[in-house]
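Chemist: here is a sequence together with a model predicted from it:
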Amino acid sequence: MNIPAANPQDLDVVVFAAPLLDALEERVLLAVATDYEQYMLELLNRARANPAAEAARLGIDLNEGLAANTISTAAKQPLTMNQFLVDAAQGHSLWLLVNGVFDHTGINGTDPGQRMANAGYAFIPSYSWGENIAYTASTVTLNYLQAAESLHNNLFVDSGVDGRGHRLNMMNASFREVGMGIAVGAYDPPPAGGTVYSSTMMLTQDFAYSGSSIFLTGVAYSDAVLNDDFYTPGEGYNGVTVTATRTLDGAVFQTTTIATGGYGLALPAGTYTVTATGGGLSAAITYHNVVVGAQNVKVDFTPSQGSQTYPVDQNALEDVALVLTGTNKQIILVDTTGQATAIQVNLSATNGTLTLSRLTGLTFTAGTGAGDAVMTFSGTLANVNAALNGMSFRGDADYNGPAALQIVSTAITPGGTTPLDDHTVNLTVVAVNDAPSFTKGLDQNVLEDVGLVTLPGWATNISPGPADEAAQTVSFAVTTNNNALFAVRPAISADGTLTYTPAANANGTATVTVYAVDNGGVFNGGDNASDAQTFTIDVQAVNDPPVNTVPNAQTAGEEAALVFSLLTGNRISVADLDAGVSPLQVTLTAPNGTLTLGSSTGVIVTGNGTGTLTVTGTAAALNIALNGLTFHGNAGFTGGTTLTVATNDQGATGSGGPQIDTDVINITVTAGRQLALDGRTPVRFTDASGDTILVYLIGGTGTLFLPPGDRGDIREIVLSNTTERSMLLISGGRTTVGDITVNGPMGTISASLTTLSGTLSIGPTATTYGATTIMLDVLAEARVASQMPIGTFMANAWTDADATPDVLTAPRANMVYIRGQMQADLDLQGATDRLNQNLGVFYALGAFNGQVTLAGGAGMMMLADWAAGSLQGTFVSSLISRGSLGATINLTGQNLYGASVNLMSVIGQVTCPSITLAGSIRTIVAGLWNVPAFEALHAGSAIIRGNFSGAFTLTGQSAAGMSLIVLSVIGSIDNAVLRARGTINTIVAQSLIDSTIFAGVRNDLAALPSAPGDFLAPLNPARPAAINVFQISSAVGQMSNSLLAAPTLGTIILRNVQYANGAAPWGLAADETIRLLITYNTGQRPDVNYRVNASLPAVGNFEARVV
């Protein structure tokens, strides 16, 4: 239609008819409307967006002429144009104008709903429609812009219309669609024959809703006509592409604007990013987070909306500059006037300050551009944007909470100034932990051995940080560069108390480093630790007293030497922690005897061989001299006396002066006499009274002859000046010797009629490979400690009835031979022989329940019975027991042939708690086998005359792929688990009950294989079966509740086997095949479960059943 150009004139008349409202249904399309119809829609949607403001603009109460609250002040959803409703409205307006009619009843007597339906609008219950009609007319040409606005205003005011129905239609919140129809031209309103208006604007508004479609609607316009931020006819952008992208899944919905700039797009509920591009827009305009719910949403597009770029809301860290640059952070201003010679910017910060990135080309009227809360400056657009790019915001010191940045921009043009924009960026200053602080106390100076030091209030002014961190707690981290100076290192409590304890006898200086640490954390770059502060602790040396080490009370024989030495276990020694190489002086006093040093090398001696002996030297030299100190009682003296040891450090180091330690040793000198054995003439004596006789061997070899039948006891025999060829022979009658002490090497002690009831000690040895021979009758509550290897040790018996274990200790022994019971332990942990053995042969013809501990291996161990105890070493060639074997065995190595045991032969039962072998075991022969935990690399043959029980694990395999060659059990394999890494060649038993046997296992031997990958490929392809032969053969044999598992099974022979009446099936599990199954049963068939890759045929009486 042609609409004349607007001419501002007064309107002569505005007429409108009573509105109609009825119920119908809906169909929606974007309408092809005119600019003035679009303008009418924008006026209507402005009123619906803020009803109260519209009423105030028109000078009425929103509910004027209506009951209170009939129309709510709440915003009403915007309306979108519908093509069918536009067609109906335009047709009715034209019909009214042409026919001189003004009524809601139209062509052919139709009502509004019928006309909407006839135009194509679909009504589906529930629905509703409504219609407003009005016109304005004049005898001169109308100003159509004013006419359109006048029609809208008068319809809204609705003056004189009962019920204010026009206003109610316009404010009906349910309507979602509208058709605006305007017709212009000459009009002869009824009744005919009156004034004919040459210029008339006839308006029909058709309202409706139907169905559930919700619309995104609006208008794209330039605002170039009136520049009033509102649509004006002639400002619309045609062909703008409007794209709505759903945030949830990226679904895209799109339409384009019509010639008026208007658009409508049906959308499902969701959140969208809406972008307008093209069609006259110089740049894309984007709206984020547009939420479409149960009502229409209006989004308009004008160039000014896309001109300026601002940061999104930002978070700034406390006391850290937030730099505004980059995506979603940068401020970019645009001259939307196109005429600006300069841009003026006013920046203001709330709760913070601003600093521009540069000042080039800027002129300031407020602020300086650095650290300002408010600044105003101007410059060219390029210089302004360069200064804003990288501008920083810093919150006020120690502040956290909400803040803001306001940007007000103005274009300076030749004609004056034009506001560009006023925008506020919301900021949040995020709290960042500030470092705590404190004031340290004074350096420390204390004396050595002062004990615990406590200094309350050493650290003061302890603060977690600014006032907003007052609730935080502060602790202290403390380190030193000399931890050894302290028994308890320095620590500082939360209240500033310093504590530390210097180490005993320690002195020196430590630098202590202290940090205060709060619990505010380090999130967002926070600082929870103060700067380090240091102080020193100086522990000043104090002279420590010397310390004597002396033995308990001693006993010496009359006329005999009492030797104080390391070997005899009664050594006298001195020590001084801080003496270093400073000399000490030791004074020894014996009022009833004489004292002689063992050595005088490196010391100064006075009074050697007298009752008062003084010796001076370093602690090390003194201890050498005192080792071997000899006390001789005065001639004829017996009874109690003392030996006093007084050590003076003569001041040594540190403060405090000389320190002295004095100790007294009580000595009892008993009646007795010294026997000299020169190796040529036997010394005879008879102890008629039964007193103890002290025998002292001076020479290298000698014989002590006891008359037959003599039962006297010898308390101690001390052998001195011995060599590896020395020999002591005690012959004649029987006797009991308490201790035999050999102060050096020894060749032979032959005392086959002598009982040892104390300690036999030998050493030190003179050469590496010398060995001693010891022959005794009986050892009772005795101990043997030889620093020399033992060639042969023989005794009739060794008994031990008390709580202290008896033990034979030596580097190694070639033979230990006990004719009777053996109740002592063997501890042979020195250098091994050329065969890597510590024990060559061990015979015990009586019972043995002790512990054998070896550093290396053993040759042969033959025992009458070994029911308890333990064996620890690397290997044993032969382990034989004529009775039982119940010791715990742990052999951690192998012999030259890779075996930990060559032969284990036990006539009785083997009930060891555990047997652990690092290597293989070649042969096992036993009467009965019940070992809960047996483990070896692999085994040769195992022949068991009785039953076989327990866990038997073979972790490796031989070069031929064998883990076990033969397991022959004359009895039953009962409650056993046999695990083999490799192949088991043959298993023969009377019965197989409650047992599991699996071989060829790849990984965990503790778990039953359950898949082909759990098995190993055979090392020997010529013998692929992991169990070659399995035979159960007996007139009373039984198989029940057991399982064989291997990658392949060879031959299985079952002869006269009972199957527990079928109540307890046994199983064959094979990954590949069972080569041969032979049964010789007497009519019974085994209840067999098996698992193979290929089906297994029945053979003989065997019944195959797949599970």
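Modeler: Nice, thanks for sending it over. No experiment lies behind these values; they were computed from the predicted model shown. Numbers count the residues shown, from 1 in each chain.

Chemist: output the below-cut-off pLDDT ranges for the stretch 551-700 of the chain.
Modeler: 557-560, 654, 671-700 (pLDDT under 70).

Chemist: residue contacts, the nearest residue to Val384 once chain neighbours are set aside?
Modeler: Spatially, and ignoring its direct neighbours in sequence, Val384 is nearest to Ile343 (4.7 Å; Cβ to Cβ, 6 or more residues apart in numbering). Using the backbone N, CA and C atoms, a C-beta is placed for each residue, glycine as well. Ile343 is in contact with 333, 335, 378-381, 384, 409-412, 420, counting by Cβ atoms under 8 Å, 6 or more residues apart in numbering.

Chemist: only whichever of those residues are buried, select them in PyMOL.
Modeler: To isolate the buried members of the contacts of Ile343 in PyMOL, using 16 or more other Cβ atoms under 10 Å:
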select buried, resi 333+335+378+379+381+384+409+410+411+412+420
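
Chemist: quick one: which of the contacts of Ile343 is nearest Thr460?
Modeler: Ranked by distance to Thr460 (Cβ to Cβ), those are led by Val384 at 52.4 Å.

Chemist: the closest one: which element?
Modeler: Using DSSP states H and E, Val384 sits in helix 381-388.

Chemist: hmm, back to that, now do the helix or strand hosting the residue nearest to Val384 against helix 381-388, angle only.
Modeler: Here Ile343, judged by DSSP H and E, is contained in strand 342-350. Using axes from the mean of the first three to the mean of the last three Cα atoms, to 10 degrees, one finds that strand 342-350 and helix 381-388 are set 20 degrees apart in direction.

Chemist: run the chain-centre distance for strand 342-350.
Modeler: On the basis of Cα atoms, centre = their mean, to the nearest Å, strand 342-350 is displaced by 52 Å from the centre of the chain it belongs to.

Chemist: strand partners of that strand, parallel vs antiparallel please.
Modeler: Paired neighbours of strand 342-350 in the sheet (DSSP bridges): strand 374-379 (antiparallel), strand 401-413 (antiparallel).

Chemist: mean pLDDT and distance to Asn796 added to those strands, as a markdown table?
Modeler: Shown next, in a markdown table, are these (pLDDT from 0 to 100; distance: least, Cβ to Cβ, whole Å):
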| stretch | mean pLDDT | distance to Asn796 |
| --- | --- | --- |
| strand 374-379 | 97 | 112 |
| strand 401-413 | 89 | 97 |
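
Chemist: nearest to Ser198, out of those strands?
Modeler: With Cβ to Cβ as the measure, strand 401-413 is the member of the strands paired with strand 342-350 nearest Ser198 (43.6 Å).

Chemist: show me which residues of the helix or strand just after that closest one are buried.
Modeler: Beyond strand 401-413 on the C-terminal side, the first helix or strand identified by DSSP H and E is strand 416-430. If you call a residue buried by 16+ other Cβ under 10 Å, then strand 416-430 has these buried ones: 418, 420-421, 423, 425, 427, 429-430.

Chemist: packing partners of strand 416-430?
Modeler: Judged by 3 or more Cβ pairs under 8 Å, 6 or more residues apart in numbering; DSSP states H and E, the packing partners of strand 416-430 are strand 314-317, strand 401-413.

Chemist: which stretches of the stretch 901-1050 of the chain have low pLDDT?
Modeler: Ranges of the stretch 901-1050 of the chain meeting pLDDT under 70: 1002-1025, 1033-1037.

Chemist: how far off centre is stretch 644-652?
Modeler: A distance of 58 Å separates the centroid of the chain from that of stretch 644-652, by Cα atoms, centre = their mean.

Chemist: span of it from start to end?
Modeler: 22 Å (Cα to Cα, to the nearest Å).

Chemist: if we go by neighbour counts, what in it is buried?
Modeler: So for stretch 644-652, counting by 16+ other Cβ under 10 Å, buried means 645-650, 652.

Chemist: over to stretch 524-543?
Modeler: Applying 16+ other Cβ under 10 Å to stretch 524-543 flags 526-528, 530, 533, 535, 537, 539, 541-543 as buried.

Chemist: pLDDT of that stretch, averaged?
Modeler: Per-residue pLDDT over stretch 524-543 has a mean of 90.

Chemist: domain-wise, how is the chain divided?
Modeler: 13-212, 213-306, 307-430, 437-540, 552-670, 789-933, 938-1107 (automatic domain parsing).

Chemist: take those domains and lay them out in JSON lines including distance to Thr754.
Modeler: Listed next are these as JSON lines, based on distance: least, Cβ to Cβ, whole Å:
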{"stretch": "domain 13-212", "distance to Thr754": "118"}
{"stretch": "domain 213-306", "distance to Thr754": "103"}
{"stretch": "domain 307-430", "distance to Thr754": "92"}
{"stretch": "domain 437-540", "distance to Thr754": "49"}
{"stretch": "domain 552-670", "distance to Thr754": "19"}
{"stretch": "domain 789-933", "distance to Thr754": "10"}
{"stretch": "domain 938-1107", "distance to Thr754": "43"}
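
Chemist: re earlier: now what about the helix holding Val384, what contacts it?
Modeler: By Cβ under 8 Å, 6+ apart, helix 381-388 touches 324, 330-335, 340, 342-343, 345, 356-362, 369, 377-379.

Chemist: from the contact counts, what lies against whichever strand in the chain runs longest?
Modeler: Under DSSP state E, the strand in the chain containing the largest number of residues is strand 962-980. If contacts are counted by 3+ Cβ pairs under 8 Å, 6+ apart, strand 962-980 sits against strand 939-944, strand 948-954, strand 983-993, strand 996-998.

Chemist: run me through the strand neighbours of the last one, direction for each.
Modeler: Strand 996-998 has the following sheet partners, assigned by DSSP bridges: strand 962-980 (parallel), strand 1043-1058 (parallel).

Chemist: hmm, back to that, got the buried residues for the strand holding Ile343?
Modeler: 342-349.

Chemist: cool, thanks, talk later.
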